[in-house]
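Structure of the sequence below:
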Amino acid sequence: MRQELLSLPKTLAEDVARNLVMVANLLDEDPQRAYEYSRIALRLASRVAAVREAAGFAAYAVAKYSEALAEFRAARRMTGSTELWPVMADCERGMGRPERALAMAGEPEVQKLDRAGQVEMRLVAAGARRDMGQADAAVVTLQSSELASNSIQPWTARLRYAYADALLSVGREDEAREWFAKALEADQGGTTDASDRLAELDGVEFTDAFDPGAEPDEQPSAAVQPSVEEPSAPAEPEAVVLEEGAVAEEAGAEEESQAAEESETAEESETAEESETAEKSEAAEESQAAEEVAAVEPAVTEDVAQEEDVAQEAVEPVSTEAPEQDRD
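Next comes the predicted model:
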């Protein structure tokens, strides 16, 4: 891969290398993010075989088998290598075409594979047989010198596990248990769940201690019982006290609210009564004033009339005496 990246400009090669490193680091832990980094590398250097291969494995990890197959084919055309032949056949299985995967298992390219590649091709062919409903043929496909060997190789655990699973699918439970045990012996890196399959065959059930939905044992042992009961004893009264306090506070708050509402209602009633009383008082005063005015008006009118008569009488003598003085 280093030689392939040297064909790129330095800055571009560094960017591509960083994305490929992220793909390798995240492929097992976070396949989706690894896939996203592979797409970036692919946009930067699509003509580099290592980039196409990394993009293929990233797509394969997120079950994009059609896309993965296209990338693997491109990488194979660039390099001429057959080492991707088994995973290409497995992509055919993932796309629902087990017959094509089985046909690839009989192609001359398989003979060019190393021993690890041939074992991988055998595993794919057995899976294709089972996909096609040929469980007995899958058992026969896995029987090989690599399976019978006592030496531990990188592929040993997976091969023994696949054989045990195939035996179990045809009802050969005792033999399956034996081969699950052999797979567990060879599985030094924990790549399979052979131990869980063995426990399942033996009728052993495991309970996750950290599972919140798991039910506790009905009768805990003497060693476990004190650690469970002692901390729980003081917790119960405290919870009760807290609940009672909360209830009391809620009741007090309700009473205060009710009292406030009653007080507001009383104030509104008093205000309404005072307003009504004031209106009645104003009406009474206006009525009394009107009566007084009505009573006073005739007297005022009579006085004014009398004053006008007096004034007229006082003026008339003056006007009659004037002519007499002129005659004298």
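
all strands in this protein, in order from the N-terminus.
Read by DSSP state E, the chain holds no strands at all.

Point out where it drops to low pLDDT.
Filtered on pLDDT under 70, the chain yields the residue ranges 1, 206-328.

Do I have it right that R197 meets W179?
No - look at R197 against W179 with Cβ atoms under 8 Å: they stay out of range, at 10.0 Å. Heads up, the C-betas are built off the backbone N, CA and C, glycines and all.

in the protein, which spans are helices?
All helices of the chain, identified by DSSP state H, fall at 2-5, 10-26, 31-44, 49-61, 65-79, 85-94, 98-105, 115-131, 135-142, 145-148, 156-169, 173-186, 194-201, 225-327.

residues in contact with A89?
With contact taken as Cβ atoms under 8 Å, 6 or more residues apart in numbering, A89 is in contact with 100-101, 104-105, 121, 124-125, 128.

mind redoing it with 10 Å?
By Cβ atoms under 10 Å, 6 or more residues apart in numbering, the contact set of A89 is 69, 97-98, 100-105, 107, 109-110, 120-121, 124-125, 127-128.

Of these, keep whichever come out buried.
Buried members of the contacts of A89, counted by 16 or more other Cβ atoms under 10 Å: 69, 97-98, 100-102, 104-105, 109-110, 120-121, 124-125, 127-128.

of all these, which comes closest to N19?
Nearest to N19, judged by Cβ to Cβ, of the buried ones among the contacts of A89 is L69 at 21.6 Å.

Surely the closest one touches G94?
Yes - with contact defined as Cβ atoms under 10 Å, L69 reaches G94; the gap is 8.5 Å.

overlap in contacts of those two?
Shared contacts of L69 and G94 (Cβ under 10 Å, 6+ apart): Y60.

Tell me how many other residues surround the residue lying closest to W155 once chain neighbours are set aside.
Closest residue to W155 in three dimensions, ignoring its sequence neighbours and counting by Cβ to Cβ, 6 or more residues apart in numbering: V119, at 4.5 Å. For V119, the neighbour count with other Cβ atoms under 10 Å is 23.

Could you do L167 as well?
22.

if I look at the residue nearest to W155, how far off is S38?
Distance of V119 to S38, computed by Cβ to Cβ, to the nearest Å: 27 Å.

same deal with T11?
For T11, the distance to S38 (Cβ to Cβ) stands at 20 Å.

the more surrounded of those two?
The neighbour count for T11 versus S38, taken as other Cβ under 10 Å, is higher for S38 (29 against 8).

Find the nearest non-adjacent residue to that one, please.
A58 (3.7 Å).

who's in contact with the one you found?
Taking Cβ under 10 Å, 6+ apart as the definition, contacts of A58 comprise 23-24, 26-27, 31-39, 41-42, 64, 67-68, 71.

V87 too?
Counting by Cβ under 10 Å, 6+ apart, V87 makes contact with 53, 56-57, 60, 68-69, 72, 117, 120-121, 124.

Equivalent analysis for I40, please.
By Cβ under 10 Å, 6+ apart, the contact list for I40 reads 15-16, 18-20, 22-23, 51, 55.

Dump those to a markdown table, plus neighbour count.
Listed next are the contacts of I40 as a markdown table, based on neighbours: other Cβ atoms under 10 Å:
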| residue | neighbour count |
| --- | --- |
| D15 | 16 |
| V16 | 24 |
| R18 | 13 |
| N19 | 23 |
| L20 | 23 |
| M22 | 18 |
| V23 | 25 |
| V51 | 29 |
| A55 | 28 |
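
any chance of those residues in a markdown table, plus distance to D90?
What follows is the contacts of I40, written out as a markdown table (distance: Cβ to Cβ, whole Å):
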| residue | distance to D90 |
| --- | --- |
| D15 | 31 |
| V16 | 27 |
| R18 | 29 |
| N19 | 25 |
| L20 | 22 |
| M22 | 24 |
| V23 | 19 |
| V51 | 21 |
| A55 | 16 |
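
do you know how far A55 is from L184?
Distance, A55 to L184, by Cβ to Cβ: 35 Å.

What spatial separation is found between V16 and Y35?
For V16, the distance to Y35 - Cβ to Cβ - is 16 Å.

Identify, from the contacts of V87, the entry nearest to P154.
Distance to P154 across these (Cβ to Cβ) is lowest for E120, with 10.4 Å.

Quick check: the closest one touching R158?
Yes - E120 is within contact range of R158, at 8.7 Å (criterion: Cβ under 10 Å).

what distance separates the start and the end of stretch 167-181?
This stretch, stretch 167-181, spans 13 Å end to end (Cα to Cα, to the nearest Å).

Give me the phi and psi angles of M95.
As for M95, its main-chain torsions (degrees, to the nearest 10) stand at phi -90, psi 10.
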